[in-house]
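>>> Could you look at this predicted model? Sequence included:
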Amino acid sequence: MIEVQGVCHAFGERRVLDHLDLTLTERRIGVIGANGSGKSTFARLLNGLVIPTEGRVRVGGLDTRTDGARVRRRVGFVFTDPDAQIVMPTVAEDVAFSLRRRRLAKPDAARIVAEHLAAFGLDGHADHPAHLLSGGQKQLLALCSVLVTAPEILVCDEPTTLLDLRNARRIADLLASVPQQVVLVTHDLDAVLGSDRVLVFHEGAIAFDGEPAAAVDHYRTLAG
Ligand SMILES: Nc1ncnc2c1ncn2[C@@H]1O[C@H](COP(=O)(O)OP(=O)(O)OP(=O)(O)O)[C@@H](O)[C@H]1O
């Protein structure tokens with residue numbers, strides 16, 4: 001469960017989130033809204049990458065302000081830009097690096113890495129230099145490297161921006177099927193239609209919170 005209580009956030013003088021009060025228990029949560037409306041800042045609050053200037057965020061009872069490291073172990077975060085999170089030279093090494101905390105025997109780690117690469121269609125690229133992957137393949141790798149850690153919650157900030165139709169569908173299907181609670185920030189309105197709940201951000205506040213189809217209609221009305 002994610003609890004956002006009395007949250008405001010400002011960068012310097014500029015207030016970008018305004019009095020958010022939310023309890024998120026649903027499995028699939030979509031977040032939509034105009035550029036600059038505060039979606040990414042909101043997403044970053046959920047794993048303590050951003051600490052609110054007012055109010056608090058708790059994940060499974062842990063406060064992001066005081067328990068950031070534990071929160072980040074529970075909340076996997078997928079950035080829009082995969083280069084921000086790919087850290088190892090080859091594709092398989094990058095996925096294996098995410099598993100290091102589990103101190104698995106080498107064959108077990110190799111098996112889990114191979115299974116995950118196959119699920120993401122990256123099995124043919126295991127030994128390729130990660131920086132030579134296409135933008136879309138990098139995005140798949142970034143998501144794969146987060147999911148292999150089996151977080152309890154997955155926060156994805158526009159994870160399909162660089163993907164072609166086939167890979168965007170692959171990711172959408174995957175996000176729909178994973179057992180984790182998923183918070184998906186996206187400009188792809190079709191991608192939120194299967195959500196249990198959709199938040200529409202407008203100028204740092206929640207303009208609508210509810211059913212996906214009604215949320216998309218609301219956003220379209222706001223956009224004019
Ligand atoms: N680190 C930062 N320092 C200063 N201002 C920031 C910072 N990060 C975001 N902002 C500002 O906060 C506001 C909200 O940005 P945010 O990235 O949360 O919006 P968004 O809804 O995710 O936008 P987009 O759809 O374009 O990704 C913007 O005006 C942005 O310029």
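Everything's here; your move.

>>> My guess is Val75 contacts Pro151. True?
Yes. Using CB atoms under 8 Å, Val75 is in contact with Pro151, at 6.0 Å. Where you see a C-beta, it was placed from the backbone N, CA and C, and this is true even at glycine.

>>> more neighbours, those two?
Val75 (26 against 19; other CB atoms under 10 Å).

>>> Name whatever forms a beta bridge with that one.
In this entry, Val75 is beta-bridged to Ile153, by DSSP bridges.

>>> how much space between it and Asp164?
28 Å (CB to CB, to the nearest Å).

>>> likewise Arg44?
Distance of Arg44 to Asp164, computed by CB to CB: 27 Å.

>>> These two: which is more packed in?
More crowded of Arg44 and Asp164, by other CB under 10 Å: Arg44, with 19 against 12.

>>> Can you tell me the element the more buried one falls in?
Taking DSSP states H and E as the definition, one finds Arg44 inside helix 39-45.

>>> For the following helix or strand past that helix, give me every contacting residue.
For helix 39-45, the following helix or strand on the C-terminal side (DSSP H and E) is strand 54-59. Around strand 54-59, the neighbours that count as contacts under CB atoms under 8 Å, 6 or more residues apart in numbering are 1-9, 19-20, 45-48, 63-65, 71, 74-75, 153.

>>> mind redoing it with 7 Å?
Strand 54-59 is contacted from outside by 2-8, 45-46, 63-65, 71, 74-75, 153, using CB atoms under 7 Å, 6 or more residues apart in numbering.

>>> Check which element follows that strand along the chain.
Immediately after strand 54-59, counting by DSSP H and E, sits strand 62-63.

>>> Next to the ligand, which bits of this structure? Give me the list.
Counting by CB under 6 Å from any ligand atom, the residues of the chain lying close to the ligand are Phe11, Val16, Gly33, Asn35, Gly36, Ser37, Gly38, Lys39, Ser40, Thr41, Phe201.

>>> Counting neighbours, which of the residues you listed end up buried?
Buried subset of the residues of the chain next to the ligand (neighbour count, 16 or more other CB atoms under 10 Å): Val16, Gly33, Ser37, Gly38, Lys39, Ser40, Thr41, Phe201.

>>> Can you tell me the SS state at the residue most central in space within the chain?
Closest to where the C-alpha atoms of the chain average out (CA atoms, centre = their mean) is Cys156, at 1.6 Å. Local secondary structure at Cys156 is given as strand here, using DSSP: H, G, I helix; E, B strand; the rest coil.
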